[in-house]
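Chemist: dropping a prediction and its sequence here:
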Amino acid sequence: MHAELLVRGLTALLPVLIFLAALVYFDSFKLVTLRMVCLAIAIGGAAACASYPLNGVVLERLAIDFVAYSRYVSPWIEESLKAIILLYLIRSRRVGLLVDGAIVGFAIGTGFALVENIFYLASRPDTHVAVQVIRGFGTAIMHGGATAIYAVVSVALFERRSAGFASIFLPGLVAAATLHSGFNHLLFRPALATVGILLVLPPATYLVFQRSENSLRRWLESDLDSDVQLLEAISSGQFPDSHSGVYLHSLRDRFRGEVLADMLCYLRLHVELALRAKGLLLLRESGIEEPPLDEETHGKLAELDYLERSIGKTGQLALRPLLVATGKDLWQMRLLHQQAGRPA
């Protein structure tokens, strides 16, 4: 009996796993590893396990029937549980690009749907197999797509770094929960719900995925030029006359001379390492095998860590306008740390 439930659950989930595999395959930069995808699926399953007792407790305390609860309350609880995981991944810069967010979000939703489908099959064993498979497929697409949407919206807002915490993470949650609620409104007709989700989510996810990759390429081109110009200014001695040099000089009343010297060294190292990270991304896009990081790069990473401690949080905040420290710029440092096998 348990084996049959698992087979039916996987049958409903198989097209979703194929779609997820396609996202990973078409990711030109190959930034999300297979290990991370599998871990995201497992974490999504754990979130689904946590949602059942939580939904049970909340349902008992609210004076509404199960149908209304499934339409207006449970979507917020379930999407919030998935969002908490992505919130941590985004804020810790383990997910720093829209492409990463789409893949990891879809994987978390897939894991959530797998557990939910198995629970549904176990609680309704007499339901016709076709209905079980159609409903399971629709649920899996909905969970994967909703979480991918949350991730993409949140990564995009975090990239701007101009809004507060709630302004960054709530819009994606509202979008995901609204989609989830709309799907649950149609659950009395599972075929219609599945068709509706299929018409909207896979094409939308693919379009977002393509636009994300194009955005990453544009960022690489523009940021590469600005990094090269800044490094040339520092190396040629023209930095004091540049806008960046004038800004750094304006900080002399706030920081001691030795701290300003460390800040300039930090700026130079950061730009050099940023160029190294962009080089890795370009190699990945071209399908060329990446060479291991050399000892010089390892030494620069260690020196950068030392300078971060030396100038402190205040110094790093003061340098942020020069480093254009958006989500992608901060994330690329983590990419190098991962490549070097160092904690970030």
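Modeler: Received, thanks.

Chemist: going by C-alpha atoms from here, please, whenever you check contacts or count neighbours.
Modeler: Will do.

Chemist: how confident is the prediction for L269, by pLDDT?
Modeler: On the pLDDT scale, L269 is placed at 85.

Chemist: and D227, how far from A48?
Modeler: D227 sits 44 Å away from A48, going by CA to CA, to the nearest Å.

Chemist: neighbour-wise, which of the two wins?
Modeler: A48 (23 against 19; other CA atoms under 10 Å).

Chemist: so which helix or strand takes in the more buried one?
Modeler: For A48, the host element (DSSP states H and E) is helix 34-61.

Chemist: find the nearest non-adjacent residue to the residue most central in space within the chain, please.
Modeler: Nearest to the mean C-alpha position of the chain, by CA atoms, centre = their mean, lies G101 at 3.0 Å. Leaving aside its chain neighbours, G101 sits nearest to A151 (4.9 Å; criterion: CA to CA, 6 or more residues apart in numbering).

Chemist: report the angle between the helix or strand harbouring that neighbour and helix 34-61.
Modeler: A151 is part of helix 129-160 when elements are defined by DSSP H and E. Angle, helix 129-160 to helix 34-61, by axes from the mean of the first three to the mean of the last three CA atoms, to 10 degrees: 110 degrees.

Chemist: against which helices or strands is helix 129-160 packed?
Modeler: Identification of packing neighbours for helix 129-160 by 3 or more CA pairs under 8 Å, 6 or more residues apart in numbering; DSSP states H and E yields helix 2-26, helix 74-91, helix 98-123, helix 165-185, helix 190-236, helix 327-339.

Chemist: elements contacting the helix holding A48?
Modeler: Helix 34-61 sits against helix 74-91, helix 98-123, with contacts defined as 3+ CA pairs under 8 Å, 6+ apart.

Chemist: report the buried residues of that helix.
Modeler: Residues of helix 34-61 classed as buried: 37, 39-48, 51, 55, 59 (neighbour count, 16 or more other CA atoms under 10 Å).

Chemist: can you name the next helix or strand after that helix?
Modeler: Using DSSP H and E, the helix or strand that follows helix 34-61 in sequence is helix 66-72.

Chemist: ok, and what's touching that following helix?
Modeler: Defining contact as CA atoms under 8 Å, 6 or more residues apart in numbering, one finds that helix 66-72 is touched by L59, S181, G182, N184, H185.

Chemist: what subset of those residues is buried?
Modeler: L59, S181, G182, N184.

Chemist: any chance of those residues in JSON lines with distance to G315 and pLDDT as columns?
Modeler: Below are the buried ones among the contacts of helix 66-72 laid out as JSON lines (distance: CA to CA, whole Å; pLDDT from 0 to 100):
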{"residue": "L59", "distance to G315": "50", "pLDDT": "91"}
{"residue": "S181", "distance to G315": "46", "pLDDT": "92"}
{"residue": "G182", "distance to G315": "48", "pLDDT": "88"}
{"residue": "N184", "distance to G315": "50", "pLDDT": "85"}
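
Chemist: determine which two of those are furthest apart.
Modeler: Within these, L59 and G182 form the most distant pair, 19.3 Å apart (CA to CA).

Chemist: where are the low-confidence patches of the stretch 1-150 of the chain?
Modeler: Counting by pLDDT under 70, the stretch 1-150 of the chain has low-confidence residues at 1-13, 15, 26, 28-30, 125-133.

Chemist: related to what we said a few turns ago, dump the contacts of helix 66-72 into CSV; add distance to Y206 as well.
Modeler: Output for the contacts of helix 66-72, formatted as CSV (distance: CA to CA, whole Å):
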residue, distance to Y206
L59, 36
S181, 22
G182, 21
N184, 23
H185, 25
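
Chemist: please identify which pair of the residues you listed lies farthest apart.
Modeler: Pairwise distances across the contacts of helix 66-72 peak at 19.3 Å for L59 and G182 (criterion: CA to CA).

Chemist: which stretches of the stretch 151-300 of the chain have low pLDDT?
Modeler: Ranges of the stretch 151-300 of the chain meeting pLDDT under 70: 161-164, 221-222, 285, 287.

Chemist: now do 80
Modeler: Along the stretch 151-300 of the chain, the parts satisfying pLDDT under 80 run over 159-168, 187-198, 200-202, 204-232, 234-245, 249, 253, 275, 277-294, 298.

Chemist: next, the angle helix 165-185 makes with the helix holding A151.
Modeler: Using the same axes, to 10 degrees: helix 129-160 against helix 165-185 is 170 degrees.

Chemist: flag every buried residue along helix 129-160.
Modeler: Neighbour count says helix 129-160 has 132-159 buried, by 16+ other CA under 10 Å.

Chemist: now swap in stretch 282-294 and tell me
Modeler: Neighbour count says stretch 282-294 has L282, R284 buried, by 16+ other CA under 10 Å.

Chemist: CA atoms only for that stretch, dumped as CSV, please.
Modeler: In CSV, the C-alpha atoms belonging to stretch 282-294 read as follows (Å, rounded to 0.1, in the frame of the first residue of the first chain):
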residue,chain,number,x,y,z
LEU,A,282,31.8,34.0,-18.3
LEU,A,283,33.7,30.7,-18.3
ARG,A,284,30.6,28.9,-17.1
GLU,A,285,28.4,30.5,-19.7
SER,A,286,30.8,29.5,-22.4
GLY,A,287,30.9,25.9,-21.1
ILE,A,288,34.7,26.1,-20.4
GLU,A,289,36.0,24.2,-17.4
GLU,A,290,37.0,26.6,-14.7
PRO,A,291,40.6,26.5,-13.5
PRO,A,292,41.1,26.2,-9.7
LEU,A,293,41.7,29.4,-7.8
ASP,A,294,45.4,30.2,-7.7
